[in-house]
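K.L.:
could you look at this predicted model? Sequence included:
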There are 2 protein chains.
Amino acid sequence: MFGSSSTDALVRAFMTFPGVGRRSAQRMVYFLMADPSARIPSLIETLQRVEARVRRCAQCNNLAEEELCAICVDPRRDPGFICVVAEPRDLDAIEATGTFRGLYHVLGGVLSPLDGVGPGNLAIEGLMARAASGANEIVLALSATVEAEATASYLIDLLKPLPARVTRLARGIPSGGSLEYLDPRTLGHAVAGRVDA
Amino acid sequence: MFGSSSTDALVRAFMTFPGVGRRSAQRMVYFLMADPSARIPSLIETLQRVEARVRRCAQCNNLAEEELCAICVDPRRDPGFICVVAEPRDLDAIEATGTFRGLYHVLGGVLSPLDGVGPGNLAIEGLMARAASGANEIVLALSATVEAEATASYLIDLLKPLPARVTRLARGIPSGGSLEYLDPRTLGHAVAGRVDA
């Protein structure tokens, strides 16, 4: 914004958000400045409420507003079936499918030695404790990136000695995927993981 | 966000921004929640600074951090040449061209009777006072929408009796515009406004 260092600072703050460039950030600031005495205090209050109330679930490390998150306290969910995800956003993605009725465990990231993220930085200890105390199945719902696959291998080594069944998400053709445009790796996984018709 | 009403409220707050849908708003909240104790207070502080410091320039109604904005106090700019714009974003757009070295007057919107915006809701009185006290030229830099054109006509009627020259932005072919894809109105303006080669 011309000549206002405070609004410029706010544009830069919004630009730190993923996917928000200079133009989008400027539009957001223009929007706030169109009615600043109403819009800014209201946004500040919402942010303060998040900061004050949101914490990590003591059991699964998901975002929560109480000691345990809304999923961990839900009596209709199967506590013996644990889905391991990297981040709360992955949990939301799986919840959106409506196909999983167990509990989750949010690692808080994936192993990434180059970024200084080792096993000690992830919620692995809590996962091992839950896995050892009566879990029937642990499904690793991690992305298909190099870091996430390394993390899955690491967890499989740790979890294999335990009695729980350890599974991974199926790999294959995405819905709507056309064979001719699929990369060879995906198609290779689809062939190797073929199922009876 | 699953099970957290505070983060859901923040998603909804970000969704009020223009151009921000649910997915973008969620990504913004996930970003904040990846390091909430650092990112949320910092964003709150930036918002508070904007709210406390940013006001309207007493002369031109632009955003300012002092009594007068950075443009109005710039001695290198021509105070006799006034560019009338609807919003601070339009001022920024013209500043970005680097072609205007006069001062601005920000109306704060355009006439829109259906939205209850009449002449009394815009900074027209201040513009008339400036126009009457020694301005040489007043260029109306308003959009080519129906409301903005009606606002320009209204202002032209008010400004014409004054000694200042009243001008409008040129209409015609946009840079990179291909004749075959131009709408008839734009092409008609380009023909009517043809200049000597």
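P.N.:
That came in fine, so what should we check first?
K.L.:
ok, residues contacting stretch A:53-64?
P.N.:
With contacts defined as C-beta atoms under 8 Å, 6 or more residues apart in numbering or on different chains, stretch A:53-64 is touched by A:65, A:67-72, A:88, A:91, A:103-108, A:123, A:126, A:130, B:1-4, B:6-7, B:33, B:36. In short, each C-beta sits where N, CA and C put it, glycine included.
K.L.:
filter these to the buried ones?
P.N.:
A:65, A:69-72, A:88, A:91, A:103-108, A:123, A:126, A:130, B:1-4, B:6-7, B:33, B:36 (16 or more other C-beta atoms under 10 Å in any protein chain shown).
K.L.:
among these, which are in strands?
P.N.:
Within the buried ones among the contacts of stretch A:53-64, residues falling in strands by DSSP state E are A:L103, A:Y104, A:H105, A:V106.
K.L.:
so which of these comes closest to chain B?
P.N.:
A:Y104 (9.1 Å; C-beta to the nearest C-beta).
K.L.:
ok, now which ones touch that closest one?
P.N.:
A:C60, A:N62, A:I71, A:I82, A:C83, A:V84, A:V85, A:L91, A:I94.
K.L.:
6 Å - rerun?
P.N.:
Counting by C-beta atoms under 6 Å, 6 or more residues apart in numbering or on different chains, A:Y104 touches A:C60, A:N62, A:C83, A:L91.
K.L.:
the third one against A:L142, yeah?
P.N.:
No - proximity of A:C83 to A:L142 does not meet the contact threshold set by C-beta atoms under 6 Å, at 10.3 Å.
K.L.:
in three-state terms, label A:V29 for me.
P.N.:
Counting by DSSP: H, G, I helix; E, B strand; the rest coil, the backbone at A:V29 sits in helix.
K.L.:
isn't it right next to A:A9, touching?
P.N.:
No - look at A:V29 against A:A9 with C-beta under 6 Å: they stay out of range, at 9.8 Å.
K.L.:
which one of the two has more residues nearby?
P.N.:
A:V29 (27 against 16; other C-beta atoms under 10 Å in any protein chain shown).
K.L.:
contacts only, for the more buried one.
P.N.:
Contacts of A:V29 (C-beta under 6 Å, 6+ apart): A:T7, A:L10, A:V11.
K.L.:
can I assume the second one sits in a helix?
P.N.:
Going back to what we said before, that points to A:L10. Yes - counting by three-state DSSP, A:L10 is part of a helix.
K.L.:
so which residue is smack in the middle of chain A?
P.N.:
Of all residues in chain A, the one closest to the mean position by C-alpha atoms, centre = their mean is A:E87, 2.3 Å from it.
K.L.:
shouldn't A:V84 be within a strand?
P.N.:
Yes - assigned with three-state DSSP, A:V84 falls within a strand.
K.L.:
returning to what we had before: so which of the buried ones among the contacts of stretch A:53-64 are in helices?
P.N.:
With helices taken from DSSP state H, the overlap with the buried ones among the contacts of stretch A:53-64 comprises A:P88, A:L91, A:G126, A:R130, B:S6, B:T7, B:M33, B:P36.
K.L.:
domain-wise, how is chain A divided?
P.N.:
A:9-53, A:76-168 (automatic domain parsing).
K.L.:
now those domains in CSV, with mean pLDDT?
P.N.:
As requested, those are arranged in CSV below (pLDDT from 0 to 100):
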stretch, mean pLDDT
domain A:9-53, 95
domain A:76-168, 94
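K.L.:
among these, which comes closest to B:R76?
P.N.:
Closest approach to B:R76 among the domains of chain A (C-beta to C-beta): domain A:9-53, 25.0 Å.
K.L.:
ends of that closest one, what's the gap?
P.N.:
27 Å (C-alpha to C-alpha, to the nearest Å).
K.L.:
in a helix, A:R39, correct?
P.N.:
Yes - the assignment for A:R39 by three-state DSSP puts it in a helix.
K.L.:
hang on, it packs against A:F31?
P.N.:
No - A:R39 is beyond contact range of A:F31, at 7.3 Å (criterion: C-beta under 6 Å).
K.L.:
for chain B, what are the nearby residues on chain A?
P.N.:
A:1-4, A:6-7, A:9-10, A:13, A:17-19, A:27-28, A:30-31, A:40, A:43-44, A:46-47, A:49-51, A:53-54, A:63, A:65, A:69-70, A:89, A:92, A:95 (C-beta under 6 Å from any C-beta of the partner chain).
K.L.:
buried stuff in stretch A:35-52?
P.N.:
Counting neighbours by 16+ other C-beta under 10 Å, stretch A:35-52 gives A:P36, A:R39, A:I40, A:L43, A:I44, A:T46, A:L47, A:R49, A:V50, A:E51 as buried.
K.L.:
now, which of these lie within helices?
P.N.:
A:P36, A:R39, A:I40, A:L43, A:I44, A:T46, A:L47, A:R49, A:V50, A:E51.
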